[in-house]
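Participant: here's a sequence, model it:
(2 chains)
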There are 2 protein chains.
Amino acid sequence: MALIVQKFGGSSLADVARIRHAAERVIAERERGNDVVVVVSAMGGQTDHLVEMAADLHDRPPAREMDQLLATGEQVTISLMAMALLQRQQNARSFTGGQVAVHTDDVHTKARIQEIDSDNLRALLDAGGIPVVAGFQGVSPAGDVTTLGRGGSDTTAVALAAALEADECHIYTDVDGVYTTDPRIVPEARRLVKITFEEMIELASLGAKVLQIRAVEFAGKYSVPVRVRSTFDEGEGTLITVEEDDMEKALVSGIAHNEDEAKVTIIGVPDRPGIAHAVVGAVARENVNVDMIIQNQGEHGKTDFTFTVPRSDYQLVMDILEPICKEIEAEALTGSDRIAKISVVGVGMRNHAGVADRMFEALSREGVNIQMIATSEIKVSVVVDQKYTELAVRALHEAFELDKPVDERNHIH
Amino acid sequence: MALIVQKFGGSSLADVARIRHAAERVIAERERGNDVVVVVSAMGGQTDHLVEMAADLHDRPPAREMDQLLATGEQVTISLMAMALLQRQQNARSFTGGQVAVHTDDVHTKARIQEIDSDNLRALLDAGGIPVVAGFQGVSPAGDVTTLGRGGSDTTAVALAAALEADECHIYTDVDGVYTTDPRIVPEARRLVKITFEEMIELASLGAKVLQIRAVEFAGKYSVPVRVRSTFDEGEGTLITVEEDDMEKALVSGIAHNEDEAKVTIIGVPDRPGIAHAVVGAVARENVNVDMIIQNQGEHGKTDFTFTVPRSDYQLVMDILEPICKEIEAEALTGSDRIAKISVVGVGMRNHAGVADRMFEALSREGVNIQMIATSEIKVSVVVDQKYTELAVRALHEAFELDKPVDERNHIH
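Facilitator: Numbering: from 1, shown residues only, chains lettered A, B, ... in the order given. Here you go, the predicted structure:
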């Protein structure tokens, strides 16, 4: 008998009919002879509704009160889910974050889990019951309600799985797994059967938004196998786990794309120490996240400096940098909010040169001009004009033969 | 400097505009130099919405989960109210029932307050802050969320006022006080400036639904002065307090009417011990509340037995009694669900015979036939055909000169 943590997201709980359907998934797991702990998000749309009311009442809603408010979303769904299970003669019982208790620090709206006291859940499991736990929320040392930030329910599920030493953590969502790339762009995209935590982190942060990245990091840290699957069909989904010897020996696991960034370039900056700090520091002080940063030394002691920021901050960043460019005597400030970042991800490339080269070749064959390049141990990312997004993704998917089963590809090592 | 507990009901908090308006009432009280503790109900309509979803998921939603669910309603309004006050530079802070803590027994959906730990509130008040407390809810010895039953927010407000030894408890609602009778029936009805707890209990339980009866009992027990006033105008409302020497010396305070009951009569019952028990016991076993009970001995060792039940249970009660009437050899079973109970209430009548007589005289003058009569120390109730409700209320309001100021009436003693 295994212990499974099942987490249902907001779209799987959007109305009472869906809650009833999710309850059937819980019962099916029980009927396979497994113990189950259920973690739920708020009903789809509910959180947005609460945020809207708060914004109506306060220019910058204070974090403690925001948490007190938003935590009601999951408190509604735990009760409703427990009722749905009780109606089906299951010994279910709901728990808020505080009732579990999920102890967090006191950084409201983005609290971190410090410790989980799982005695209450363990006692109910031992009695053959089904704990239904509110995701996203915890309790601070002072006894205040805290929340873990958007998507925090995934983190709750993984943290509970770790604390209870569960065999697997199942994340139920509206897609049936993690794909080699976005199936809306490449219809031949294949569902991955297994993927490593590291690959999933790169794919998630690069725009394959199936699973909260913090949850994946947490799962990797505590080696909790996570399975992403659909609430609406019976497939096995994608298992995210540690790198195993019997893992599919793929060179590349997937192609990610991200159209949420903008690019800023400062041309002809005098090449002296402190320039990068002057530029990035000014941007960071406005709480703008900087992603890729590239500096190319040019001629005559001058350099070009390029970085990417969230597209929604593009105009703000341009405004900040205008006076700074004058100060540092740069020749020009340019940029574009019509870019796309395309990434090739795979643990297989760690032991294999040539992935980057194959990538560049494929893009060049399609006439796609590369504006920026960045690499890490298991990924290569390029920035291209946004109009090439679909073309680039399709070309790379084909170049790495991701539409074929792993053992039929030419690149197995 | 006084300490005031201000309680806002669901209609005063139905949307963000109203919440903002209620916050202004809090600030006005602060500006008068008083300390304030705010108690809120759920947003109007919200509780019904949650109850509906629960009923969709479970035939008889389990009480513990129901409480976990319904308590979210007030948790939303405390956060929003705190935000509205914070936006206006007030040091407000929200508290759930558990955070206060309001300790209750574990009878879910109708828990009773056992003890209030007011240290958290006291500390915030001492720091010049405004605690915003969730009405209606508490925490059980096991740490579960409990609720006090419909209208329980009034009880929370009064209980907090008692625990904090507040000077007054203000109940903000959509009417501007307690009236001598229903102004929709008698336009000349006057707002009462003061009324005793005992009178308020009779008026509330008899159909003047301004304030939860349990809250009034609680207020009387702990001598907490309660002021009922409107959220939407600046009037002083009605003060409910202990009987004082300087109280308006009215013979009668008000006329209540109730059209929610039905009457059942068993005619010609053999007059022997155990009959009342056989009848009322059968009804009580179905959880039907019996209100007035009258038994008149008739001729030849036979008796007539009449009582009232909630109108919604009328058919059920008739069905239960049919076989029982045969068993006890009664001559007939009759009844009516078209009745009204009209009551005259006033502490003044304690020391004055003749109130009942004046009541019967006024009704007789209008040709209103009296079907049942019941009396207590401070009220006289009659049951009449429902078609006479308005006529009877108007006649009595006039007979006791309730449209005149107290010192212009002929009945001062």
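Participant: tell me which parts of the stretch 101-250 of chain A are close to chain B?
Facilitator: Within the stretch 101-250 of chain A, the residues that sit near chain B (CB under 8 Å from any CB of the partner chain) are A:143, A:144, A:145. The way it works is simple: take the backbone N, C-alpha and C, and place the C-beta from them, glycine included.
Participant: list only buried entries from those.
Facilitator: Buried residues within these, counting neighbours by 16 or more other CB atoms under 10 Å in any protein chain shown: A:144, A:145.
Participant: which of the residues of the stretch 101-250 of chain A next to chain B lies closest to residue B:342?
Facilitator: Using CB to CB, residue A:145 comes nearest to residue B:342 of those, at 49.3 Å.
Participant: tell me which element the residue nearest to residue A:139 when sequence neighbours are not counted is part of?
Facilitator: Distances taken as CB to CB, 6 or more residues apart in numbering or on different chains put residue A:98 closest to residue A:139, at 4.0 Å, once the chain neighbours are dropped. Element membership of residue A:98, judged by DSSP states H and E, is helix A:97-100.
Participant: which strands or helices does the following helix or strand past that helix pack on?
Facilitator: For helix A:97-100, the following helix or strand on the C-terminal side (DSSP H and E) is strand A:102-104. For strand A:102-104, the packing partners by 3 or more CB pairs under 8 Å, 6 or more residues apart in numbering or on different chains; DSSP states H and E come out as strand A:113-116, strand A:137-139, helix A:152-163.
Participant: where in chain A is pLDDT low?
Facilitator: Residue ranges of chain A with pLDDT under 70: A:205-209, A:245-249, A:298-299, A:411-413.
Participant: how is it divided into domains?
Facilitator: If you go by automatic domain parsing, the domain ranges for chain A are A:3-174, A:245-413.
Participant: show the end-to-end separation of stretch A:170-187, please.
Facilitator: 26 Å (CA to CA, to the nearest Å).
Participant: now do stretch A:211-230
Facilitator: The first and final residues of stretch A:211-230 sit 12 Å from each other (CA to CA).
Participant: same thing with stretch A:169-185?
Facilitator: End-to-end distance of stretch A:169-185 (CA to CA): 29 Å.
Participant: what is the burial count for the closest residue to residue A:40 other than its chain neighbours?
Facilitator: The shortest distance from residue A:40 to any non-neighbouring residue, by CB to CB, 6+ apart, is to residue A:77 (4.4 Å). As a burial measure, residue A:77 scores 28 neighbours (other CB atoms under 10 Å in any protein chain shown).
Participant: could you pull out the strands for the stretch 301-413 of chain A?
Facilitator: Taking DSSP state E, counting those that start in this stretch as the test, the strands found in the stretch 301-413 of chain A are A:302-310, A:332-336, A:339-345, A:372-376, A:379-385.
Participant: export those strands to a markdown table and tack on mean neighbour count?
Facilitator: Shown next, in a markdown table, are the strands of the stretch 301-413 of chain A (neighbours: other CB atoms under 10 Å in any protein chain shown):
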| stretch | mean neighbour count |
| --- | --- |
| strand A:302-310 | 20 |
| strand A:332-336 | 15 |
| strand A:339-345 | 26 |
| strand A:372-376 | 15 |
| strand A:379-385 | 22 |
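Participant: nearest to residue A:243, of those?
Facilitator: Per CB to CB, nearest to residue A:243 of these: strand A:339-345, 13.6 Å.
Participant: mind checking how far the closest one is from the chain centre?
Facilitator: The chain centre lies 16 Å from the centre of strand A:339-345; the measure is CA atoms, centre = their mean, to the nearest Å.
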